[in-house]
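Trainee: got a predicted structure here, sequence first:
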Amino acid sequence: MLELRRLDFGFAKARPILDGVSLALGQGEILGLSGPSGTGKSTLGRIVAGYLKPQKGEVLLDGTAPSAGHRGIQYIHQSSIFAVNPRWRLGRIIAEAWQPDDLTLDAIGVSRSWFDRYPHEISGGELQRVVLVRALGPETRFLVADEVSAMLDPITQVEIWSFLTERSRQGLGILAISHDAALLKRVSSRQLVLAKGQLRPVEG
Ligand SMILES: Nc1ncnc2c1ncn2[C@@H]1O[C@H](COP(=O)(O)OP(=O)(O)OP(=O)(O)O)[C@@H](O)[C@H]1O
């Protein structure tokens, strides 16, 4: 179980972004999160993954605060592709995290033939898939998928989400952040909107 308890967060000198936000996400659940641009969805995702510290409140994994450097909660964003080491070949970038089998690579649409290439030698959409594979190692219990398929073509987007849905059936908990209402409706078991620092449920 992933729990956020009464999180308050604001960047220095800016209005508060989160005002007492709480939520619980179970293993195997896909929770959709939407909200106006700039409202704080990515900030919330970064707090969940431990990249940012809330001013108040806590993030708990199975009732305890995750230790630094743990791989239990992974955060993926479109900009994650810029965080890969440009001097490493793709095989090394993936192997640093774990060794995926062919079934996993096929399901996400990653070819072993890319492993000898550098990040700039594949397309942005292909690199997004590599970043996704890297994040889905055996220790990953929860994934924050922040507009993770927005730069992919519709067929690849469907393939990625059928893979993620299958992984959720096997126990992966997913916080899916997106502006794509149809996508969230299709994949999520429950949906929330973040606005004015608060989460509220989406009806229907
Ligand atoms: N490092 C930072 N320092 C100061 N302000 C920041 C920083 N990062 C983000 N912000 C601001 O915090 C607010 C929330 O940003 P965030 O990226 O979380 O929004 P979002 O809901 O994910 O937006 P979008 O839907 O456009 O991706 C924005 O007003 C943004 O400009």
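Mentor: Received it, and whenever you're ready, just let me know what you need. Numbers count the residues shown, from 1 in each chain.

Trainee: C-alpha only now, for contacts and for neighbours.
Mentor: Noted.

Trainee: show the pLDDT at the residue of the chain most remote from its centre.
Mentor: Computed with Cα atoms, centre = their mean, the residue of the chain farthest from its C-alpha average is residue 13, at 27.6 Å. Looking at residue 13, its pLDDT stands at 80.

Trainee: low-confidence ranges in the protein?
Mentor: 204 (pLDDT under 70).

Trainee: can we see that at 90?
Mentor: 12-15, 66-71, 78-83, 107-108, 123-126, 128, 148-160, 162-163, 202-204 (pLDDT under 90).

Trainee: so which residues on it come close to the ligand?
Mentor: Contact residues, the chain versus the ligand (Cα under 6 Å from any ligand atom): 11, 36-43.

Trainee: okay, and which of the residues you listed map to helices?
Mentor: 41-43 (DSSP state H).

Trainee: what is the nearest of those to residue 111?
Mentor: Ranked by distance to residue 111 (Cα to Cα), these are led by residue 42 at 29.1 Å.

Trainee: count the neighbours of that closest one for me.
Mentor: 20 (other Cα atoms under 10 Å).

Trainee: so it sits against residue 147, correct?
Mentor: No - judged on Cα atoms under 8 Å, residue 42 makes no contact with residue 147 at a distance of 9.3 Å.

Trainee: related to what we said a few turns ago, filter the residues of the chain next to the ligand to the buried ones?
Mentor: For the residues of the chain next to the ligand, a burial check counting by 16 or more other Cα atoms under 10 Å picks out 39-43.
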